[in-house]
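J.: Fold the following for me, if possible:
(one chain, ligands or ions: 1)
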Amino acid sequence: MTERDAPDLGFGSPAASRIYDFSLGGKDNYGPDREAAIRAFQTFPAARLLPRENRKFMRRAVRHLVDAGITQFLDIGCGLPGKGNVHQVAADADVVYVDHDPVAVVHYQALLHAVPRATAVRADARRPHEILAHPEVTALIDFGRPVAVLMTAVLDLITDADDPEATVRAFRDAMAPGGHLVVCDLTDAVITPAERDTAAELVRANGVAVSLRPPARIAGYFDGFELLEPGLVNAPEWRPDRPHEPASGWLLAGVGRKP
Ligand SMILES: C[S@@+](CC[C@H](N)C(=O)[O-])C[C@H]1O[C@@H](n2cnc3c(N)ncnc32)[C@H](O)[C@@H]1O
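T.: Below is the predicted model of the structure:
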């Protein structure tokens, strides 16, 4: 393959997966990703806390669901592998990772090459029916039985124009009773109007669209589901297993069960 034939993986501009990887201390990121992350940290010091708040919530939620008997997990917008990925926390479960970023998917595929009960597929959360019908998804996940669908730190990367509610609804509808939805999402609950403008400037500078949404909209993702205790709360306050630092207030998290 000549350089001209090589696929453009977009390493010249920041990508959400790699900005997030850098923020968690990962090594799978490039200059533009690091510059975008540092710009975000300098603008909003609280942004440093968010990836850890999110990952720790995700792991607590998965541990809870394993204890509740869930044996199948679909991780939408999985990002690059980090510490304590879903198939490692839920070691006896069937797990499918999904991301639209080819680099994230290839990294998971490499990690999972000897793990028969887990796989990674490239697909777009804005086209949920393609994910639900994807042969590698249906080979591992039986939607006739309870499944946990994780959407942690991904719905805020889907703009209003792309209708994040429609994405979540498609997964809710596909679930059998006893299925669970796990969401962690950026909220605008604590930001001032001035910070909102600054956030919009940051989005323009970084070229990665991020939407901060009101708590009521995030709660709406759980329509028709029973929110497990303690409800939709700041991510570190969802069933903490040890004392935690004060919450940033920027990330709301919850787990809902389909009745
Ligand atoms: C901030 S990372 C979150 C990673 C992981 N969910 C976690 O909680 O640690 C967001 C990921 O969502 C992916 N993503 C964004 N929009 C997507 C879409 N429309 N379809 C699939 N993946 C998407 C990005 O590529 C990125 O890898």
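
J.: can you give me the helices for this protein?
T.: Applying DSSP state H to the chain gives helices spanning 16-23, 31-43, 50-67, 86-89, 102-111, 128-133, 135-140, 164-174, 193-206, 215-220.

J.: out of those, which comes closest to residue 242?
T.: With respect to residue 242, and counting by CB to CB, the nearest of the helices of the chain is helix 50-67 at 9.6 Å. Just so you know, the C-beta spots here come from the backbone N, C-alpha and C atoms, and that holds for glycine as well.

J.: so what does the closest one touch, helix or strand wise?
T.: helix 16-23, helix 86-89, strand 148-152, strand 180-186, strand 251-257 (3 or more CB pairs under 8 Å, 6 or more residues apart in numbering; DSSP states H and E).

J.: Mind doing that once more with 10 Å?
T.: Secondary-structure packing of helix 50-67 (3 or more CB pairs under 10 Å, 6 or more residues apart in numbering; DSSP states H and E): helix 16-23, strand 72-76, helix 86-89, strand 148-152, strand 180-186, strand 233-234, strand 251-257.

J.: Make a markdown table from the ones you listed and add distance to residue 139 to it.
T.: Shown next, in a markdown table, are these (distance: least, CB to CB, whole Å):
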| stretch | distance to residue 139 |
| --- | --- |
| helix 16-23 | 24 |
| strand 72-76 | 12 |
| helix 86-89 | 15 |
| strand 148-152 | 17 |
| strand 180-186 | 21 |
| strand 233-234 | 35 |
| strand 251-257 | 25 |
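
J.: Any chance of CSV for these, columns mean neighbour count, mean pLDDT and distance to residue 203?
T.: Formatted as CSV, those follow (neighbours: other CB atoms under 10 Å; pLDDT from 0 to 100; distance: least, CB to CB, whole Å):
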stretch, mean neighbour count, mean pLDDT, distance to residue 203
helix 16-23, 24, 91, 11
strand 72-76, 25, 98, 22
helix 86-89, 21, 98, 28
strand 148-152, 25, 98, 20
strand 180-186, 25, 97, 11
strand 233-234, 20, 98, 23
strand 251-257, 25, 98, 17
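
J.: show me where pLDDT drops low in the stretch 1-150 of the chain?
T.: For the stretch 1-150 of the chain, the stretches with pLDDT under 70 are 1-10.

J.: at 80 what do you get?
T.: Residues of the stretch 1-150 of the chain meeting the criterion pLDDT under 80: 1-12.

J.: how about the residues of it that lie near the ligand?
T.: 16-17, 20, 54-55, 58, 77-79, 99-101, 104, 124-126 (CB under 6 Å from any ligand atom).
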